[in-house]
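Chemist: Next one to model:
(chains A, B and C)
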Amino acid sequence: MAAVAVTLVRRLLRSGPRPGLCGAGGREPGAAPRRAIGHGRVAVELDSSTGVAVMKMENLPVNSLSLDFLTEFLISLEKLENDRGCRGVILTSGAPKIFSAGLDIMEMYGKSAEHYAEFWKAVQEMWLRLYQSNMVTIAAINGSSPAGGCLMAVCCDYRIMAENPKYSIGLNETQLGIVAPFWFKDTMVNTIGNRATERSLELGLLYSPPEAHKIGLVDQLVPEEKIQSTAAAVMSQWLAIPDHARQITKSMMRKPTVDRLLAHRESDIQNFVSFITKDSIQKSLQMYMEMLKQRRG
Amino acid sequence: MAAVAVTLVRRLLRSGPRPGLCGAGGREPGAAPRRAIGHGRVAVELDSSTGVAVMKMENLPVNSLSLDFLTEFLISLEKLENDRGCRGVILTSGAPKIFSAGLDIMEMYGKSAEHYAEFWKAVQEMWLRLYQSNMVTIAAINGSSPAGGCLMAVCCDYRIMAENPKYSIGLNETQLGIVAPFWFKDTMVNTIGNRATERSLELGLLYSPPEAHKIGLVDQLVPEEKIQSTAAAVMSQWLAIPDHARQITKSMMRKPTVDRLLAHRESDIQNFVSFITKDSIQKSLQMYMEMLKQRRG
Amino acid sequence: MAAVAVTLVRRLLRSGPRPGLCGAGGREPGAAPRRAIGHGRVAVELDSSTGVAVMKMENLPVNSLSLDFLTEFLISLEKLENDRGCRGVILTSGAPKIFSAGLDIMEMYGKSAEHYAEFWKAVQEMWLRLYQSNMVTIAAINGSSPAGGCLMAVCCDYRIMAENPKYSIGLNETQLGIVAPFWFKDTMVNTIGNRATERSLELGLLYSPPEAHKIGLVDQLVPEEKIQSTAAAVMSQWLAIPDHARQITKSMMRKPTVDRLLAHRESDIQNFVSFITKDSIQKSLQMYMEMLKQRRG
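Modeler: Below you'll find the model as predicted:
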């Protein structure tokens, strides 16, 4: 995975910070105990008194998982992972009404096979790092969370969703004519079981908060204004458990699923590239993007 | 599987149509758009305007899965599978009060080992074809559905059951002193999870419609008179999803389970034959048949 | 497994009966049909008219799973397993307010590596024998059941719990800084599914009876005074199924999980020994024991 990390760092240096989108606020040295990290698309605030970081996704307008965003996300996560002062992460959104819209379609349309491969590797890497993070990870889902956005949420240890009827969550890939890969599926099966996953993925279902709660896709619903305080309270419950015992247990639960991707990582990339470069798929993505444009226009 | 298909076609030609049981109605050429197919035990009506076929089982009185019935069922299903105009199948019963009574005990009693092997191969084939059908399959369960009848239902993508308290559904093999094979079990685990399957199979439980709905063995309950219209409405929801993406997703979900049978198909046949030819098993089947006769008499 | 059994018998002969704790009552030859077996820590009463034995754990005060207790438990279970007159076992507690407190911490603290290995082998053996018993096994959980106590319960075919709000059940190992081994986890996943197990084990959750019932950790709640009569009634439902068919079905459901431990039995022992001999683990067990002492004092 080291090679991937190096590639990602190179990407970040190439793409550089995007000051306009920086939501982390300026650093205030000496002002204890919060510490802001990040390059603009991911605002990270670590409270050293609790050991809890908040990672706020701010890739406006909809937190699309572009290659640049994934790169920055991974570097931010890695930093926290290596910081002994950080024991838990709350993943949330700084964009209004959306947690994350999922994979950036612009990265899957009209690009080279090399680009698709690089992009997919970054998506895999995000899943690998988040799903087996040693930290306690809590998703504070304060907006809609389709496709890759849902994947990020189900990678966490616990999911709290704002009970806003306008929000929805689910792996809706088939609705776009594309297919969630086996490791999205595995993560979903691990969370809501085989039958609910089968129905959910074949129909590309997006669930309202109460439906998502009922099938176990999210663990808890709260009024929107209480989502961050609830996440902090749940986090302290998780941090009451000795890290070492919790981490070994988490790894025991998740390692077989992780190993399945690691064993087929290259062929999974090849599958993605050969699927996404198909004329029919490129055409339906084009139609989808035009539909999105018309909606906005 | 080609060899199996050839054998099955031969069987059908030997056994021929059974005009008295034909429930498909006469063909009316020119009368658009419904088209009737079938040889009497399975009435198939394909609506070419919607791409949806209704397969009505009419092996009276109780839709026992005899070798002849299975053969005809498989040929009908194969025809639809190869018909580009057919995208979905609603499986239902033309027999009163029963969806299917399951495997025909007459095929398992007092016959040769060769016959048992041929029969079991046909049961396997039915499962293989139905469970991984490329079409959307919906079971409209308008009657009781024990054992093999339950298996047919859980092979489908969605199950709607008439909420008639006289009906029940389940894998009740152990109540007869026999054992559901591992692929019945796998299909059940995929549908209702491990623990519910364990209890259900060990006790040979038959569930009332509300119980079946509660544990997820059926997806939806409706008044009996609404079962066909509900099936049609649900089907149109499934057909709104691009076939290709849905089919790949379905295969991803079900292939590991299918591969397990394919890897052990011959030994599974041998297991069945050596089990069913045991004196003790033949004796309990005989007792069961006598009990059935007395009940009817 | 023969070697283990021999070792266990040797242990029992060395440790001998503990008359003071004998709860089985004296044998009364000729007094039909109940028959008492056991050496004091496990009182066994077999009703030969029903074929149902009650195994009452009486290792006071809290039914800790010490090496001596496990040895006696295994020998008692083995006797019943080999007794053609015994078809079902009800596992319950003779200690007030507790089903079993789980593994005896005294066996895991300040002993030799050889001792730890011998102890762990006995824990494995208990799981192997109980989880794949040919008899119907019903847990009548008449008290709290943490850690190894919970494991014993989930090994049974059916769990009935007294609805006393003071009782709780769960695999709470992480709360003590230790980790449930993979076969504890597998048994839990088989019972309550992957997601509930993940959350449950990482947080070391102890569930109240209603919570345990809701997630499927126990099958039925009853008022405390009805627990034995309910267990007997449920048992007769299970015994209505032909033994042979039920046993094959049970084995089909559980064998893959059992085989996983059998394939890694030695390395699992080594893991336990190297984990438990760590200074940090010995220290936290010491602190835990001191906390327990202070609570009592």
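Chemist: Strands along chain A, start to end?
Modeler: Along chain A, counting by DSSP state E, strands occupy A:34-37, A:42-47, A:52-57, A:64-65, A:88-93, A:102-103, A:136-141, A:145-146, A:158-162, A:169-170, A:220-222.
Chemist: Tell me which of those sits nearest to chain B.
Modeler: strand A:169-170 (13.1 Å; CB to the nearest CB). For every residue, glycine as well, the C-beta is placed using N, CA and C.
Chemist: Please enumerate residues in contact with that closest one?
Modeler: The contact list for strand A:169-170, computed with CB atoms under 8 Å, 6 or more residues apart in numbering or on different chains, reads A:99, A:141, A:144-146, A:149-150, A:153, A:161, A:200, A:204-207, A:209, A:212, A:217-218.
Chemist: and the gap between the closest residue to residue A:126 other than its chain neighbours and chain C?
Modeler: Leaving aside its sequence neighbours, residue A:126 sits nearest to residue A:70 (CB to CB, 6 or more residues apart in numbering or on different chains; 5.3 Å). Taking CB to the nearest CB, to the nearest Å as the measure, residue A:70 falls 25 Å from chain C.
Chemist: got the contact list for residue A:70?
Modeler: By CB under 8 Å, 6+ apart, the neighbours of residue A:70 are A:8, A:119, A:122, A:123, A:125, A:126.
Chemist: among the strands of chain A, which is nearest residue B:64?
Modeler: Smallest distance to residue B:64 across these (CB to CB): 40.9 Å, for strand A:169-170.
Chemist: quick one: average confidence on that closest one?
Modeler: Regarding strand A:169-170, the rounded mean pLDDT is 98.
Chemist: Kindly reformat the strands of chain A as JSON lines containing mean neighbour count and distance to residue A:190.
Modeler: Converted to JSON lines, the strands of chain A look like this (neighbours: other CB atoms under 10 Å in any protein chain shown; distance: least, CB to CB, whole Å):
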{"stretch": "strand A:34-37", "mean neighbour count": "17", "distance to residue A:190": "30"}
{"stretch": "strand A:42-47", "mean neighbour count": "22", "distance to residue A:190": "25"}
{"stretch": "strand A:52-57", "mean neighbour count": "24", "distance to residue A:190": "22"}
{"stretch": "strand A:64-65", "mean neighbour count": "24", "distance to residue A:190": "21"}
{"stretch": "strand A:88-93", "mean neighbour count": "24", "distance to residue A:190": "18"}
{"stretch": "strand A:102-103", "mean neighbour count": "24", "distance to residue A:190": "19"}
{"stretch": "strand A:136-141", "mean neighbour count": "28", "distance to residue A:190": "14"}
{"stretch": "strand A:145-146", "mean neighbour count": "28", "distance to residue A:190": "17"}
{"stretch": "strand A:158-162", "mean neighbour count": "25", "distance to residue A:190": "13"}
{"stretch": "strand A:169-170", "mean neighbour count": "26", "distance to residue A:190": "16"}
{"stretch": "strand A:220-222", "mean neighbour count": "17", "distance to residue A:190": "18"}
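Chemist: quick one: which of the ones you listed is nearest residue B:62?
Modeler: strand A:169-170 (40.4 Å).
Chemist: can you pull the pLDDT of residue A:293?
Modeler: Residue A:293 is given a pLDDT of 86.
Chemist: before we move on, what about residue A:296?
Modeler: 75.
Chemist: number of nearby residues for it?
Modeler: By the measure other CB atoms under 10 Å in any protein chain shown, the count of residues near residue A:296 is 7.
Chemist: residue contacts, it?
Modeler: Residue A:296 touches nothing, counting by CB under 8 Å, 6+ apart.
Chemist: Identify the residues contacting the nearest residue to residue A:271 once chain neighbours are set aside.
Modeler: Setting aside the residues directly before and after it, residue A:271 is nearest to residue A:181 in space (CB to CB, 6+ apart), at 7.3 Å. Each residue near residue A:181 by CB under 8 Å, 6+ apart is listed here: A:268, A:271, A:272.
Chemist: and the longest helix along chain A, anywhere near chain C?
Modeler: Longest helix of chain A, by residue count under DSSP state H: helix A:243-263. Yes: looking at helix A:243-263 against chain C by CB under 8 Å from any CB of the partner chain, the contacts come from A:244, A:245, A:246, A:248, A:249, A:250, A:252, A:253, A:254.
Chemist: My read is that the fifth one contacts residue C:202, right?
Modeler: Yes: between residue A:249 and residue C:202 there is a contact at 5.1 Å, judged by CB atoms under 8 Å.
Chemist: just to revisit the earlier point, nearest to chain C, of the contacts of residue A:70?
Modeler: Of the contacts of residue A:70, the one sitting nearest to chain C (CB to the nearest CB) turns out to be residue A:126, at 20.0 Å.
Chemist: how many other residues sit next to that closest one?
Modeler: Using other CB under 10 Å, residue A:126 has 21 other residues around it.
Chemist: Tell me if I'm right that it and residue A:71 touch.
Modeler: No: taking contacts as CB under 8 Å, residue A:126 lies outside contact range of residue A:71: 9.5 Å.
Chemist: contacting residues around residue A:163?
Modeler: Applying CB under 8 Å, 6+ apart, the residues contacting residue A:163 are A:209, A:210, A:221, A:222, A:223, A:224.
Chemist: of all those, which comes closest to residue B:277?
Modeler: residue A:210 (54.0 Å).
Chemist: wait, the closest one sits on residue A:221?
Modeler: Yes: with contact defined as CB under 8 Å, residue A:210 and residue A:221 form a contacting pair (7.0 Å).
Chemist: What parts of chain A come near chain B?
Modeler: A:173-180, A:182, A:185, A:193-195, A:197-199, A:201-204, A:280, A:284.
Chemist: List buried residues within the residues you listed.
Modeler: Neighbour counting with 16 or more other CB atoms under 10 Å in any protein chain shown marks A:173-180, A:182, A:185, A:193-195, A:197-199, A:201-204, A:284 as buried within the residues of chain A next to chain B.
Chemist: how far away is residue A:177 from residue B:244?
Modeler: The gap separating residue A:177 from residue B:244 is 7 Å, by CB to CB, to the nearest Å.
Chemist: List the beta-bridge partners for residue A:162.
Modeler: residue A:222 (DSSP bridges).
Chemist: For it, give me the pLDDT.
Modeler: pLDDT at residue A:162 comes out at 98.
Chemist: next one: residue A:37
Modeler: Predicted confidence (pLDDT) for residue A:37: 56.
Chemist: cool, and the one 4 residues further on?
Modeler: According to the prediction, residue A:41 has pLDDT 94.
Chemist: Tell me which residues touch the residue nearest to it when sequence neighbours are not counted, please.
Modeler: Among residues not flanking residue A:41 along the chain, residue A:59 sits closest, at 4.4 Å (CB to CB, 6+ apart). Applying CB under 8 Å, 6+ apart, one finds that residue A:59 lies in contact with A:21, A:41, A:42, A:66, A:69, A:95.
Chemist: which residues touch the nearest residue to the fourth one once chain neighbours are set aside?
Modeler: Sequence neighbours aside, residue A:104 is the residue nearest to residue A:66 in space, at 4.0 Å (criterion: CB to CB, 6+ apart). Residue A:104 makes contact with A:64, A:65, A:66, A:67, A:69 under the criterion CB under 8 Å, 6+ apart.
Chemist: and which of these is nearest residue B:263?
Modeler: residue A:65 (37.6 Å).
Chemist: Residue A:123 versus the closest one, what's the distance?
Modeler: Separation of residue A:65 from residue A:123 (CB to CB) stands at 7 Å.
Chemist: overlap in contacts of these two?
Modeler: Joint contacts of residue A:65 and residue A:123 (CB under 8 Å, 6+ apart) are A:103, A:148.
Chemist: what pLDDT, on average, does stretch A:255-273 get?
Modeler: 98.
Chemist: List the buried residues of it.
Modeler: For stretch A:255-273, the neighbour count (16+ other CB under 10 Å) marks A:257, A:258, A:261, A:265, A:268, A:269, A:272, A:273 as buried.
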